[in-house]
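S.K.: need a structure here:
(one chain, ligands or ions: 2)
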Amino acid sequence: MDGNGRWAKARGLDRTYGHAEGVESVRACMEFAVEKGIEYLSVYAFSEENWNRPAYEVNALMELMMKAMIKETETFLKNHVRFLVLGNRARLSESINRTIDDLERSTSQDYGTTLILFVSYSGKWDILQAMKKAAAELSREDFQKMELSDFDRYLVTAGIPDPDLLIRTSGEIRISNYLLWQTAYTEFYFTDVLWPDFRKEEFAKALEAYAQRDRRYGKVK
Ligand code: IPE
Ligand code: MG
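M.R.: Residues are numbered from 1 along each chain as shown. Ligands and ions are numbered 1, 2, ... in the order given. Here you go, the predicted model:
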């Protein structure tokens with residue numbers, strides 16, 4: 001989700017207004033995913049690198065995420081959406097961790113779509129924590145015998161399928177340390193539309209583009 005700041009700046013508003021409008025896009029996209037029967041919708045809300053933004057903006061983002069989680073609980077339940085947060089939870093405050101736990105617990109049953117919020121996440125961090133976890137759990141021999149599919153189990157996305165489609169908004173054409181391991185065969189879609197303007201119509205366009213892709217996974221047809 002990129003372009004919140006530029007969206008606000010273009011209107012002479014503080015960056016935080018862009019983030020607030022971005023929450024509306026998350027809701028719209030979540031409802032669209034439910035409508036389309038998409039099983040997993042992941043949004044990159046806050047990266048490990050985003051901690052380096054000014055404290056004022058970091059606090060505003062944390063506050064906004066917390067408020068949205070409380071306010072949208074009913075929306076999740078109504079839409080049969082399971083909510084998950086993945087990332088370096090140790091860096092989050094106690095109150096936000098408690099709010100996440102509550103929402104994860106109350107949405108853990110009777111769901112069709114899973115909404116994953118990546119918070120304090122980075123792809124390199126994920127690979128490193130997976131390696132450490134595997135090294136701590138496995139004997140030296142089992143560690144050496146590890147297969148690619150075994151390694152998947154130590155990533156924070158364990159049990160969740162790799163993404164079919166990755167969308168990046170706002171005209172930036174890079175991965176910015178998102179799901180590095182998991183996007184090995186993901187289709188990428190880039191659009192100049194800023195995140196606060198990315199609603200159902202734009203999501204539908206991305207899905208249409210995805211439907212035209214020919215996924216060969218390195219094989220010949
Ligand atoms: C994306 O919008 C939201 C977060 C990364 C939290 P930005 O805040 O990156 O907006 P721009 O890139 O400055 O426009
Ligand atoms: Mg940005």
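
S.K.: Could you tell me whether Asp101 really is in a strand?
M.R.: No - with DSSP: H, G, I helix; E, B strand; the rest coil as the criterion, Asp101 is helix rather than part of a strand.

S.K.: in this protein, which spans are helices?
M.R.: Using DSSP state H, the helices found in the chain span residues 4-9, 15-36, 55-71, 73-78, 94-106, 123-137, 140-145, 148-152, 200-211.

S.K.: quick one, which of these is nearest to ligand 1?
M.R.: helix 4-9 (2.6 Å; Cβ to the nearest ligand atom). Any C-beta I mention is one placed from the backbone N, CA and C, and that applies to glycine too.

S.K.: Show me the contact partners of the closest one.
M.R.: Applying Cβ atoms under 8 Å, 6 or more residues apart in numbering, the external contacts of helix 4-9 come out as 14-19, 21-22, 170, 194-197.

S.K.: what does this protein have sitting close to ligand 1?
M.R.: Proximity of the chain to ligand 1, by Cβ under 6 Å from any ligand atom, involves residues Met1, Asp2, Gly3, Asn4, Gly5, Arg6, Phe46, Asn50, Leu61, Ser170, Trp195.

S.K.: Please produce JSON lines containing those residues, extended by distance to Glu31 and pLDDT.
M.R.: Shown next, in JSON lines, are the residues of the chain next to ligand 1 (distance: Cβ to Cβ, whole Å; pLDDT from 0 to 100):
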{"residue": "Met1", "distance to Glu31": "16", "pLDDT": "98"}
{"residue": "Asp2", "distance to Glu31": "21", "pLDDT": "98"}
{"residue": "Gly3", "distance to Glu31": "21", "pLDDT": "98"}
{"residue": "Asn4", "distance to Glu31": "20", "pLDDT": "98"}
{"residue": "Gly5", "distance to Glu31": "25", "pLDDT": "98"}
{"residue": "Arg6", "distance to Glu31": "25", "pLDDT": "98"}
{"residue": "Phe46", "distance to Glu31": "22", "pLDDT": "98"}
{"residue": "Asn50", "distance to Glu31": "26", "pLDDT": "98"}
{"residue": "Leu61", "distance to Glu31": "22", "pLDDT": "98"}
{"residue": "Ser170", "distance to Glu31": "22", "pLDDT": "98"}
{"residue": "Trp195", "distance to Glu31": "16", "pLDDT": "99"}
